[in-house]
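**Student:** Sequence first, then the predicted structure, then my questions.
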Amino acid sequence: MIGSRSTSPRTTTLVCALLMLFGGTEAMAVEEPDYTVARTFPDFELRRYPPHAVAETEVAGPFDEAGNQAFRILAGYIFGDNRADTKIEMTAPVSQRPAAGGGERIEMTAPVVQRPASGTEGETFVVSFVMPDRFTLDTLPEPVDPRVRLREEPGKLMAVRRYSGRWTETSYRDNETGLLRAVEAAGLKPLAAPVYARYNSPFSLWFMRRNEVMVEVAETGAKP
């Protein structure tokens with residue numbers, strides 16, 4: 001509670017960083033990855049994303065806490081904790097996916113069957129920041145923190161379901177299930193584990209938040 005205890009310098013720095021990164025996102029433009037809408041379905045949108053660079057880190061812990069742990073690490077990188085002491089502007093979304101099998105192409109049922117149960121100690125996630133379009137993998141500054149890795153995300157065809165509300169695992173799982181069912185009904189085949197994407201500040205009102213669940217799908221197979 002404000003005023004009831006002292007705040008550590010580390011906590012104050014993190015709060016300031018979050019405010020600087022996200023505090024004005026509802027009032028000013030924040031860069032997002034380019035994409036084209038290939039087709040619109042009743043329950044999801046089919047988007048084609050070109051290749052783009054990301055900074056990511058892997059963290060262990062419950063679903064609802066993984067994003068916060070990873071944010072501290074990645075925020076340090078874009079705030080200048082890199083070999084060039086370069087500050088990098090924040091973009092959206094911040095994405096989160098299961099570490100096991102998340103980057104590999106897998107069968108339709110694998111995203112549901114293979115993910116660990118909620119809250120298990122062995123649960124591991126990869127959390128990513130999309131890098132601004134002005135950077136390539138070759139021009140991004142080298143991270144100082146070995147937990148941060150830079151990677152080029154290849155171009156993909158993604159089925160995307162958008163929803164609002166709080167950042168809870170229950171809400172995400174409900175929408176993940178809805179997306180996978182809708183994708184199957186449309187005759188599309190998922191190729192990897194679903195990704196959780198968050199676009200807004202932790203300080204934004206819950207009912208104004210933009211959240212998405214995304215899954216890569218094969219190029220062919222959609223029903224007319």
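**Tutor:** Okay, I see it. Numbers count the residues shown, from 1 in each chain.
**Student:** looking at this, Thr91 is in a helix?
**Tutor:** No - applying DSSP: H, G, I helix; E, B strand; the rest coil, one finds Thr91 to be coil, outside a helix.
**Student:** Val217 against Leu180, yeah?
**Tutor:** No - Val217 sits out of contact with Leu180 when judged by Cβ atoms under 8 Å, with a separation of 10.4 Å. (Each C-beta comes from the backbone N, C-alpha and C, glycine too.)
**Student:** anything in contact with each of those two?
**Tutor:** The overlap between the contact sets of Val217 and Leu180 (Cβ atoms under 8 Å, 6 or more residues apart in numbering) consists of Pro190.
**Student:** Going along the chain, name the helices of the chain.
**Tutor:** Secondary structure of the chain (DSSP state H): helices located at 9-22, 63-78, 110-113, 169-185.
**Student:** And the pLDDT at Trp167?
**Tutor:** For Trp167, the pLDDT comes out at 87.
**Student:** follow-up on the earlier one: and the helices of the chain, which one's lowest on average pLDDT?
**Tutor:** helix 110-113 (a mean of 27).
**Student:** lowest confidence element among the helices and strands of this protein?
**Tutor:** Across the helices and strands of the chain, mean pLDDT, DSSP states H and E gives its lowest value to helix 110-113, namely a mean of 27.
**Student:** measure the closest residue to Thr124 other than its chain neighbours to Phe203 for me?
**Tutor:** Closest residue in space to Thr124, ignoring its immediate chain neighbours: Ala99 at 4.0 Å, by Cβ to Cβ, 6 or more residues apart in numbering. Using Cβ to Cβ, to the nearest Å, Ala99 is found at 28 Å from Phe203.
**Student:** Compare neighbour counts for the two and give me the winner.
**Tutor:** Neighbour tally, Ala99 and Phe203, criterion other Cβ atoms under 10 Å: the higher count belongs to Ala99, 17 against 12.
**Student:** Tell me which stretches of this protein form strands.
**Tutor:** 36-40, 45-49, 52-60, 94-98, 124-130, 149-153, 156-163, 195-198, 211-216 (DSSP state E).
**Student:** If we go by neighbour counts, what in the longest one is buried?
**Tutor:** By neighbour count with 16 or more other Cβ atoms under 10 Å, strand 52-60 contains the buried residues His52, Ala53, Val54, Ala55, Glu56, Thr57, Val59.
**Student:** Next, the contact list for the residue nearest the centre of the chain, please.
**Tutor:** What sits nearest the mean C-alpha location of the chain, by Cα atoms, centre = their mean, is Ser95, with 0.5 Å. Neighbouring residues of Ser95 by Cβ under 8 Å, 6+ apart: Val127, Ser128, Val130, Val195, Tyr196, Ala197, Arg198, Met214.
**Student:** how about a cut-off of 6 Å?
**Tutor:** Applying Cβ atoms under 6 Å, 6 or more residues apart in numbering to Ser95 gives the contacts Ser128, Val195, Ala197.
**Student:** Now do the last one: how many residues are near it, please.
**Tutor:** In this case it means Ala197. 22.
**Student:** Dig out what it forms beta bridges with.
**Tutor:** According to DSSP bridges, the partner residues bridging Ala197 are Ser95, Glu212.
**Student:** tell me the pLDDT at it?
**Tutor:** 95.
**Student:** Low-confidence regions, this protein specifically.
**Tutor:** Along the chain, the parts satisfying pLDDT under 70 run over 1-29, 101-122.
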